[in-house]
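1. Provide a 3D model corresponding to the input given below.
(chains A and B)
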Amino acid sequence: MAPMKLYGATVSWNVTRCVVALEEAGAEYQIVPIDFATAEHKSPDHLARNPFGQVPAFQDGDLHLWESRAICKYVARKHKPDLLREGNLKESAMMEVCLEVEANQYTAALNPILYQCLVSPMFGGTTDQKVVEENLEKLKKVLEVYEARLAKHKYLAGDFLSLADLNHVSVTLCLLATPHASVFDAYPHVKAWWDGLMARPSVQKVAALMKPSA
Amino acid sequence: MATPAVKVYGWAISPFVSRALLALEEAGVDYELVPMSRQAGDHRRPEHLARNPFEKVPVLEDGDLTLFESRAIARHVLRKHKPELLGTAGNLEQAALVDVWLEVEAHQLSPLAIAIVVECIFTPFLGRERNQAVVDENVEKLKKVLEVYEARLSQSKYLAGDFLSLADLSHFTIMHCFMATEYATLVEALPHVSAWWESLAARPATKKVAEFMPVGTAGAPQK
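-> Numbering: from 1, shown residues only, chains lettered A, B, ... in the order given. Below is the predicted model of the structure:
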């Protein structure tokens, strides 16, 4: 069976979101780098994989997928369905809520911070501290909610590790490369949850792969 | 008459609240909409925070389950009552394509459509003037996104394939608002996107939900 292919660069937290899922699922995969500097992401070959000209893109046999969270779900469903709990209405419902919260609340606040602190300097731009501060405040509100949740449950969706926890890893690893990693310190249950994730072999492997700093 | 076991909290004119209502309508589930007032700040009251600590609507109560995030609510409702709208059971490829186009709706199309809708329809309620520069910027991006939809829908009847799915339905409420703006022409200019939109809008469930969102063609919500 041919390994799954993940197209993109490991500096992208959307690409590495998928690497976490692939590692946790124990899937055979290879990363095929896409070179933004030569606009490879806008080439006809890549547009055939991802019509929005973005990364990641993914291939498993004849199946072509894009959008990191859709890729992660497919990989989990195929190789480690326990991460999704789709056979259990209550557990899968909570998992879906937490997946949405990761995208719409947590990562929505983190993305601008990571862009300002890590990406902008990479292209010779400056860091807009106002944007960073505004989004740190939003992130803190999210972390307050997570703190209350993780005081009651070991993981976000309940007492089971799910894709919802794993989808947080890549952006959080990037946060560690900014001056704002200490934002977690005020939330002991969130910190314990994160330390638990960091100890997983899959997360250690992805941390080694990522080169998020300027 | 028995009280429905399912309750949705929120204001139905919100395309997010109505996304949840559409899933319930499509699934044929009895529900009660518990109206809330955005102006009165009902979403920030302690009783609502106990349901959704993120202060947002909709919230769905189904027995002892309390859920939020409209797309998570929709998935749960369909998984429970109409799972074929998430793809045929056991078909990994179909399920994956539903997920892809749900993500596309959430991250590629909706942010642009919402920005246009806010400027064109909701600014009077936000106490400010329309920002035409914001509209123009988002219209240009939306044109490019819709080209991708046009290419896709010229290959299959619906977004995930030749079967209707949550991926299609998840577009309805935001597009219903968008189609009430003068930029509906962007959709009308594309034959396959236009036909797909017409078929979605013709469904009994979407017609019913459209009545909850009286955005009208004059551009302002009608009471």
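2. contacts only, for residue A:98.
-> A:156, A:157, A:162, A:164, A:165 (CB atoms under 8 Å, 6 or more residues apart in numbering or on different chains). No exception for glycine: its C-beta is placed from N, CA and C like everyone else's.
3. buried among those residues? Need that as a selection in ChimeraX.
-> To isolate the buried subset of the contacts of residue A:98 in ChimeraX, counting by 16 or more other CB atoms under 10 Å in any protein chain shown, use the following:
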select /A:156,157,162,164,165
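4. and of the contacts of residue A:98, the nearest to residue B:187?
-> Using CB to CB, residue A:164 is the member of those that lies nearest residue B:187, at 33.8 Å.
5. which of the contacts of residue A:98 fall in helices?
-> Taking DSSP state H as the definition of helices, the contacts of residue A:98 contribute A:164, A:165.
6. and chain A, which residues reach chain B?
-> With CB under 8 Å from any CB of the partner chain as the criterion, chain A meets chain B at residues A:51-52, A:63, A:65-67, A:69-70, A:73-74, A:77-78, A:86, A:89-90, A:92-94, A:96-97, A:99-101, A:103-105, A:142, A:145, A:148.
7. that older thread, CSV for the contacts of residue A:98, including distance to residue B:165 and pLDDT?
-> Below are these laid out as CSV (distance: CB to CB, whole Å; pLDDT from 0 to 100):
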residue, distance to residue B:165, pLDDT
A:156, 26, 98
A:157, 23, 98
A:162, 23, 98
A:164, 22, 98
A:165, 27, 98
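8. relative to residue B:136, which of the contacts of residue A:98 is nearest.
-> Distances from residue B:136 to the contacts of residue A:98, taken by CB to CB, are shortest for residue A:164, at 37.4 Å.
9. now that closest one: how far from residue A:156?
-> As for residue A:164, its distance to residue A:156 is 5 Å (criterion: CB to CB, to the nearest Å).
10. and for those two, which residues touch both?
-> A:98, A:101.
11. and residue B:31, how many neighbours does it have?
-> By the measure other CB atoms under 10 Å in any protein chain shown, the count of residues near residue B:31 is 20.
12. whoops, I mixed them up, residue B:91
-> 14.
13. before we move on, what about residue A:180?
-> Residue A:180: 18 neighbours (other CB under 10 Å).
14. got the contact list for it?
-> Applying CB under 8 Å, 6+ apart, we find residue A:180 in contact with A:113, A:117, A:132, A:136.
15. how about 10 Å then?
-> Going by CB atoms under 10 Å, 6 or more residues apart in numbering or on different chains, residue A:180 touches A:110, A:113, A:114, A:117, A:132, A:133, A:135, A:136, A:139.
16. where are the low-confidence patches of the chain?
-> Going with chain A. Within chain A, the ranges that satisfy pLDDT under 70 run A:211-214.
17. actually it's chain B I care about, not the one you picked
-> Residues of chain B that meet the criterion pLDDT under 70 lie in B:1-2, B:216-223.
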